[in-house]
Each structure stands twice: as C-alpha cells, then as structure tokens.
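just a sequence and a predicted model for now, questions to come.
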Amino acid sequence: MTDFTLHDLESAPADAKPLLEGSQKSFGMIPNLHAVMAEAPGLLEGYQTLHRLVLESSFNNDEKTVVWQSVNVEHECHYCVPAHSGIARSMGVDEAIDDALRDKAPLEDAKLEALRTFTLSVVRNRGNVDAAEVKAFFDAGYEQRQLLEVVLVVAQKVMSNYVNHIADTPIDEPFKKFAWTPQS
C-alpha cells in the first residue's frame, strides 16, 4: 500500500493551504482525513463543500448522525465511525443513537429507524431503491428534499470512507477513545 502524507500547513500543496487553514479554524486541528486529502486540493475542497452543505441540510443533528454513521458502519470505515461518534457527542446527539448505529442495532425512534433503513438501502442498492422503500420513507414523515439529501450525505461519506480505506488514515487523537471494529 502507498504511504500517504499527512500534510500540514508547511507541506501541503499551495492550493490546499487555505483549505487546511479553514480546517484548523473549524476543528481546532487539521483532521488526518483533511491532511491526507490535501494532496489533491480539489478533493479536499469538494469534501469540505459537501460537508458544509450537509450541515446546512434540513436534517437535524440526530438525523445527520443517523445518515453519516449508517454509511460509515456499512462501509466499515475505521476512521469515520470514531470521528462521527465524537462529532455526535459535540452536537448533543444522544449516545444511545450513536451506540445503536455502531452496533447495527435498531433505533428506538421509528422515524430515525426509517431514515437508517432508507439510507442503507440507498448504499446497498447504489440508489436503486424500490417504490415500497420510498413510500416507507415518506410515510415516516420525510419528503423529497430529505430523500435527495440522503444522496448528498452518501456522496460525502463515499469520499471520506474510500480515502480512509485507501490511505489507512490514522484516527485523530481526540477520537481514539471511540475506536471501532466492524462486527464479524
């Protein structure tokens, strides 16, 4: 496997430096994922843009966490699962929601469970969801906007999960306490 550079403000390509400065400002550090992505500034910019759009979506913090972690766990991302556990806690998401997602357990809230189920169908079926799955999603209280925003979040997570698999991105120190291993 190729060793990927964890770029900082000194080593990053010129086009990536302002992006890493934004990461530093937003997170108080340069997340290792961003440090790896900095090698391809367009990738980092795309990822940061998608992240901002997800934050601005119609999903509340619990719902964002459900979609993020459903994809992370399905993709078995060693980096993103712990990172999003830490993010969920900083966003005030109930730990029981995150724990259930990490353990592939059903969520107690029926609407959140419908979101998890739909998200997993989108990922597993590469967007080829059937009419009954869409109806169940809408019956749970979601609308077309949220259906399309699931696709937005999936796109963001594909970028990060795949980069982390390829680069074997090391978990950031603040998230090591949330380390996760996929169920066998």
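Noted; the coordinates are in hand.

let me see the contact set for the spatially closest residue to residue 44 that is not a sequence neighbour.
Leaving aside its chain neighbours, residue 44 sits nearest to residue 37 (4.0 Å; criterion: C-beta to C-beta, 6 or more residues apart in numbering). Where C-beta positions appear, they are placed from N, C-alpha and C, glycine not excepted. By C-beta atoms under 8 Å, 6 or more residues apart in numbering, the contact set of residue 37 is 43-44, 47, 163.

now residue 37: how far from residue 118?
Separation of residue 37 from residue 118 (C-beta to C-beta, to the nearest Å) stands at 28 Å.

what about the helices in this structure?
Here the chain has its helices, by DSSP state H, at 17-27, 32-37, 41-55, 61-74, 80-90, 95-102, 110-124, 131-139, 144-167.

for residue 5, which of the ones you listed is the nearest?
Smallest distance to residue 5 across the helices of the chain (C-beta to C-beta): 7.5 Å, for helix 32-37.

what number of residues lie near residue 142?
21 (other C-beta atoms under 10 Å).

who touches it in this structure?
111, 114-115, 118.

buried residues of stretch 87-98, list them for me.
By 16 or more other C-beta atoms under 10 Å, the buried positions in stretch 87-98 come out as 87-88, 93, 97-98.

mean confidence for it?
For stretch 87-98, mean pLDDT rounds to 97.

which residues sit against it?
With C-beta under 8 Å, 6+ apart, stretch 87-98 has contacts from 61-62, 64-66, 68-69, 84-85, 107-109, 112.

and those residues as TSV, adding neighbour count?
Shown next, in TSV, are the contacts of stretch 87-98 (neighbours: other C-beta atoms under 10 Å):
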residue	neighbour count
61	16
62	19
64	21
65	23
66	31
68	26
69	27
84	28
85	24
107	19
108	11
109	18
112	21
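
looking at the contacts of residue 37, which is nearest residue 78?
residue 163 (12.0 Å).

ignoring the adjacent residues along the chain, who's closest to the most centrally placed residue in the chain?
By C-alpha atoms, centre = their mean, the chain has its centre lying nearest to residue 68, at 4.0 Å. What sits nearest to residue 68 in space, not counting adjacent residues and going by C-beta to C-beta, 6+ apart, is residue 84, at 4.9 Å.

most tightly surrounded among the helices of the chain?
Most buried of the helices of the chain, by mean neighbour count (mean count of other C-beta atoms under 10 Å): helix 32-37, with a mean of 26.

give me the mean pLDDT for that helix.
The model assigns helix 32-37 a mean pLDDT of 98.

wait, what's in contact with residue 146?
With the criterion set at C-beta under 8 Å, 6+ apart, residue 146 makes contact with 58-59, 63, 115, 137.

please convert these to a markdown table, extending it with distance to residue 148.
Formatted as a markdown table, the contacts of residue 146 follow (distance: C-beta to C-beta, whole Å):
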| residue | distance to residue 148 |
| --- | --- |
| 58 | 10 |
| 59 | 12 |
| 63 | 14 |
| 115 | 13 |
| 137 | 11 |
